[in-house]
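Engineer: Only the shape, not the letters, is given here:
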């Protein structure tokens, strides 16, 4: 039996906002308010399988740094409406991101985007497609290519099942997302099943880097990231056309970063330098 997203939203006691998209879907925005009056915000875009909740430690660290942190649950994830593990099209993903940014720009004069893993891809897509000003990008745990052997190739039977579903039931999640060390297995708001059309959206190979990104960018990767090597992360940053780029390695960290004070030190210093 599926979880009642609407009921969970109604019972949610912490600060949040709701966005009604142009096609009538409700998106959930979790909020960690700045500890001092501020007109600066950071939009948090989560990784695949996840939602905004697991980024609480990062959100609280951002709030201590003088920013309001706002975590978007993607459509079909967390406490947002939508078919679980699905996105109807890339155009709809872009619209959701653009509409969220427009909503936040009405409240904050300075807006940065933080993306983790899949959220890095979405942050870059949002920056490219939004007509609103994005003041900076914080990107973690992503690279041009995935480490070999991280994911097992599906069997011929599984491939046929996925193809059949994509043709006749494209909104049905039939791809099981799993890797060693994956987190969130005991959290009912995590997704581990996806549609083929969603998975086709999540490739860094399809990014368009033809236009200059006119805002400061910081990109970090864990020293022991299971999915992306340090070299792959550096290559991604090298590809991004921007004159203001910073790269750092999170010592001891894996892909699912635990945001300790030490992990946040580089980002905090960067925020202080660029936006104090």
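Structural biologist: Alright, I've got the coordinates. For clarity, every value in this text was computed on a predicted model and none was experimentally measured. Numbering: from 1, shown residues only.
Engineer: quick one, what contacts the closest residue to residue 123 other than its chain neighbours?
Structural biologist: Nearest residue to residue 123 in three dimensions, chain neighbours excluded: residue 115, at 3.3 Å (Cβ to Cβ, 6 or more residues apart in numbering). Backbone N, C-alpha and C define where each C-beta goes, glycine included. Contacts for residue 115 (Cβ atoms under 8 Å, 6 or more residues apart in numbering) come out as 45, 121-124, 137-140, 142.
Engineer: can you put the residues you listed in a markdown table and add secondary structure, pLDDT and neighbour count?
Structural biologist: Formatted as a markdown table, the contacts of residue 115 follow (DSSP: H, G, I helix; E, B strand; the rest coil; pLDDT from 0 to 100; neighbours: other Cβ atoms under 10 Å):
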| residue | secondary structure | pLDDT | neighbour count |
| --- | --- | --- | --- |
| 45 | strand | 98 | 26 |
| 121 | helix | 95 | 23 |
| 122 | helix | 97 | 25 |
| 123 | helix | 97 | 26 |
| 124 | helix | 96 | 23 |
| 137 | strand | 98 | 23 |
| 138 | strand | 98 | 26 |
| 139 | strand | 97 | 26 |
| 140 | strand | 97 | 28 |
| 142 | coil | 95 | 27 |
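Engineer: Pipe those residues into a markdown table and attach distance to residue 176 per row.
Structural biologist: Shown next, in a markdown table, are the contacts of residue 115 (distance: Cβ to Cβ, whole Å):
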| residue | distance to residue 176 |
| --- | --- |
| 45 | 23 |
| 121 | 21 |
| 122 | 22 |
| 123 | 26 |
| 124 | 27 |
| 137 | 31 |
| 138 | 30 |
| 139 | 27 |
| 140 | 25 |
| 142 | 22 |
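Engineer: can you map out the helices along the stretch 151-276 of the chain?
Structural biologist: Using DSSP state H, counting those that start in this stretch, the helices of the stretch 151-276 of the chain run over 156-168, 196-199, 230-239, 261-275.
Engineer: ranking these by burial, who's on top?
Structural biologist: Ranked by average neighbour count under the criterion mean count of other Cβ atoms under 10 Å, the helices of the stretch 151-276 of the chain are headed by helix 196-199 at a mean of 18.
Engineer: Quick one: list the elements packing against it.
Structural biologist: helix 156-168 (3 or more Cβ pairs under 8 Å, 6 or more residues apart in numbering; DSSP states H and E).
Engineer: other SSEs contacting the helix it packs on?
Structural biologist: Checked by 3+ Cβ pairs under 8 Å, 6+ apart, helix 156-168 has helix 196-199 packed alongside it.
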